[in-house]
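Peer 1: Model the following, please.
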Amino acid sequence: MELLDRFLEALDILGKETLDLIEFEGVNHKAAAEKIEDIDYGEMVDLYYDDPVGFSEDILDFYPDDKQKEIMLSVRDNKRTSVRSGQGVGKTATVACIIIWYMLFRDNAKIIATAPTKQQLNIVLWPEISKWLTGTYAEQFLTLTKTMLYMVGYELEWFATAKTATKKENMAGLHADNMLIIVDEASGVSDEILETLLGTITGVDNRILFISNPTRNSGIFYESHHKDRDQFRCIHIDAEQCERTDKENIAMLKRKYGASSNVVLVRVKGEFPDQEDDVFIQLHLVMRGINTDYDDDQPVQTIDIACDVAREGGDETVIGVKINHKVLPFLIRHGQDTMATVGDIMRTANKLNDTYPNISIVVRIDDTGVGGGVTDRLKEIKKLDNLEWLQIIPVKFGIPIPHKYYYDTTTLMAAIVKDLLSEHDEQGNPKPCELVLPDDNELIAQLTVRKYGIYDSKGKLKLESKKEMKKRDLKSPDRADCLFLLCLPVNVKDATKRERKHRF
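Peer 2: Predicted structure coming up:
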């Protein structure tokens, strides 16, 4: 028991109560159940020990396509498998079926499924396991909880568990004769953790599976498809070539962002991004913000609202909200007048104030051009209604500033966002991501196409203007600008004490 205790202690699950069973209405497996006669467990092992594809089809009623079969057979045959793919190709269903198969047919199996965020595990992968397990012949042998899957009667020695990839200490020292490690969205997991996990698979029947959109041109996942590919069974899945994907959505992405854009390369083609050297914010930093967990139960300390007001008919008016360091999905408006935009902002602010009455709410407005009307009306409302909790901050983009490194306000705001997403501090030490972003294709595209240059002999950096972007046939970066506004530090009056304090 000493080795097992150390194993469980490393996973931080030793001594915890078993969680309630997942309540999930799975697919109807009646058809699959009718295909097999009543067999005992030993006979099932004889039939499917080396046949994950046949097991998935016969028992789970899951019919994998050729690429899904390739992944299943690679996990069976290879110690290391690395899969880069586009979105919507069925990789989560494949992983779920692999977990069920390995659990049933490897004695005292131990499976660690990890990912950058709890959502990918607890809201996506674990319900997928429930979907394919519920109602099948295999269900009688396994019990599924919110974070664990275990063999009936062998809860402490035969299990699969979900664990976010945040601390290498939680992953070190894991050893078992039959162990499978699955790293979902591996491109977003730190190299320190991936290296630790690779070091644990020392047993003959140990396996590791990396599976991810390829979001960055460096790191262990990237190298598994390049200089280290001789150590991995590498699999590539192009969503455009996959029958199950939404071709209409793929066509829309290609029209909107261009067939050679990073959004299409990564999220459709399953290719690593074509990162230009003069792009200011790299794709992997944006994906880091998207793949960062946020604890919704933590106390709310800051609330920010920002609005980038549309200037032309094709532009978007974008209203954003940031609670602490989490950016919520944007509110998007097309073709509305400034007073309607004021109404949207005030409704948003009033709802937040009802929920958090003791927190100052800061509204930053792009005050350039037509945004000035929005600023003026918001200030009128604040004064007429005596809204002490509301602070209105006008901000102008592209204004030269006396800064040592950045030429204007736009470049400074972009640099602040980049620093919040950065993996290292100024001394080069690793640091946690300080900004949680919504998974928004348009935001990803706008943040990762904007270039910069050296403005003067002093080496100041300057982000390209909207006019310069339009010369490259790029649309106005309205969502990116809204994010820049949200993250701009300002001095804020405390909603209750009326004192000044610095806000980030």
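Peer 1: Walk me through the domains of the protein.
Peer 2: 2-237, 245-274, 288-503 (automatic domain parsing).
Peer 1: Out of these, the one nearest F280 is which?
Peer 2: domain 288-503 (4.4 Å; C-beta to C-beta). In short, each C-beta sits where N, CA and C put it, glycine included.
Peer 1: quick revisit: can you put the domains of the chain in TSV and add mean neighbour count?
Peer 2: As requested, these are arranged in TSV below (neighbours: other C-beta atoms under 10 Å):
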stretch	mean neighbour count
domain 2-237	18
domain 245-274	18
domain 288-503	17
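Peer 1: right, so of these, which gets closest to I281?
Peer 2: domain 288-503 (5.0 Å).
Peer 1: Listing request: residues of this structure with sub-threshold pLDDT.
Peer 2: 1-38, 167-174, 275-277, 313, 457, 492-504 (pLDDT under 70).
Peer 1: and C234, that one's in a strand?
Peer 2: Yes: secondary structure of C234 (DSSP: H, G, I helix; E, B strand; the rest coil): part of a strand.
Peer 1: shouldn't it be in contact with S82?
Peer 2: Yes: judged on C-beta atoms under 8 Å, C234 makes contact with S82 at a distance of 5.4 Å.
Peer 1: Now do the shared contacts for those two.
Peer 2: 224-225 (C-beta atoms under 8 Å, 6 or more residues apart in numbering).
Peer 1: List phi and psi for the residue nearest the centre of the chain.
Peer 2: The residue lying closest to the centre of the chain (C-alpha atoms, centre = their mean) is N291, at 2.8 Å. Main-chain dihedrals, N291, degrees, to the nearest 10: phi -100, psi 20.
Peer 1: mind listing what it touches?
Peer 2: N291 makes contacts with 116-117, 120, 185, 188, as judged by C-beta under 8 Å, 6+ apart.
Peer 1: helix/strand/coil for I211?
Peer 2: Relying on three-state DSSP, one would call I211 strand.
Peer 1: Just give the nearest non-adjacent residue to it, would you?
Peer 2: The spatially closest residue to I211, leaving aside those adjacent along the chain, is V83, at 4.3 Å (C-beta to C-beta, 6 or more residues apart in numbering).
Peer 1: Strands of the stretch 251-400 of the chain, residue ranges please.
Peer 2: Ranges of strands in the stretch 251-400 of the chain, per DSSP state E, counting those that start in this stretch, are 303-308, 317-323, 326-327, 331-333, 361-366, 390-395.
Peer 1: Compare those strands and give me the one nearest L209.
Peer 2: strand 326-327 (29.9 Å).
Peer 1: Show me what that closest one packs onto, helices and strands only.
Peer 2: Judged by 3 or more C-beta pairs under 8 Å, 6 or more residues apart in numbering; DSSP states H and E, strand 326-327 is in contact with no other helix or strand.
Peer 1: Next, the angle strand 303-308 makes with the longest helix along the chain.
Peer 2: Counting residues, the longest helix found in the chain (DSSP state H) is helix 338-355. Angle between the axes of helix 338-355 and strand 303-308 is 170 degrees (criterion: axes from the mean of the first three to the mean of the last three C-alpha atoms, to 10 degrees).
Peer 1: In terms of secondary structure, what does helix 338-355 contact?
Peer 2: strand 303-308, strand 317-323, strand 331-333, strand 361-366, helix 371-384.
Peer 1: Can you convert these into a markdown table and add a column each for distance to L443?
Peer 2: Shown next, in a markdown table, are those (distance: least, C-beta to C-beta, whole Å):
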| stretch | distance to L443 |
| --- | --- |
| strand 303-308 | 12 |
| strand 317-323 | 9 |
| strand 331-333 | 11 |
| strand 361-366 | 16 |
| helix 371-384 | 20 |
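Peer 1: Can you check which of the ones you listed gets nearest to P402?
Peer 2: With C-beta to C-beta, the closest approach to P402 among those belongs to strand 361-366: 21.0 Å.
Peer 1: strands paired with that closest one, and their directions?
Peer 2: Each strand paired with strand 361-366, and its direction, by DSSP bridges: strand 303-308 (parallel), strand 390-395 (parallel).
Peer 1: Quick one: the helices in the stretch 1-150 of the chain, in order.
Peer 2: Per DSSP state H, counting those that start in this stretch, the stretch 1-150 of the chain carries helices over the ranges 2-10, 30-33, 41-48, 52-58, 66-77, 91-105, 118, 126-133.
Peer 1: now those as JSON lines including distance to V263?
Peer 2: Compiled in JSON lines, the helices of the stretch 1-150 of the chain are given as follows (distance: least, C-beta to C-beta, whole Å):
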{"stretch": "helix 2-10", "distance to V263": "38"}
{"stretch": "helix 30-33", "distance to V263": "38"}
{"stretch": "helix 41-48", "distance to V263": "40"}
{"stretch": "helix 52-58", "distance to V263": "32"}
{"stretch": "helix 66-77", "distance to V263": "22"}
{"stretch": "helix 91-105", "distance to V263": "19"}
{"stretch": "helix 118", "distance to V263": "25"}
{"stretch": "helix 126-133", "distance to V263": "25"}
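Peer 1: closest one to N353 among those?
Peer 2: helix 118 (29.3 Å).
Peer 1: Show me how far stretch 130-146 is from its chain's centre.
Peer 2: Averaging C-alpha positions (C-alpha atoms, centre = their mean, to the nearest Å) puts stretch 130-146 27 Å from its chain's average.
Peer 1: Start and end of it, how far apart?
Peer 2: Terminal residues of stretch 130-146 lie 10 Å apart, using C-alpha to C-alpha, to the nearest Å.
Peer 1: Over to stretch 417-433?
Peer 2: 11 Å.
Peer 1: quick revisit: now distance to I281 too, for the domains of the chain, in CSV please.
Peer 2: Rendered in CSV, the data for the domains of the chain read as follows (distance: least, C-beta to C-beta, whole Å):
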stretch, distance to I281
domain 2-237, 13
domain 245-274, 12
domain 288-503, 5
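Peer 1: what's stretch 249-258 in contact with?
Peer 2: 88, 239-240, 263-264, 267-268, 441-442, 445.
Peer 1: Nearest to C487 among those?
Peer 2: Using C-beta to C-beta, these come closest to C487 at E442, 17.7 Å.
Peer 1: Much appreciated, bye for now.
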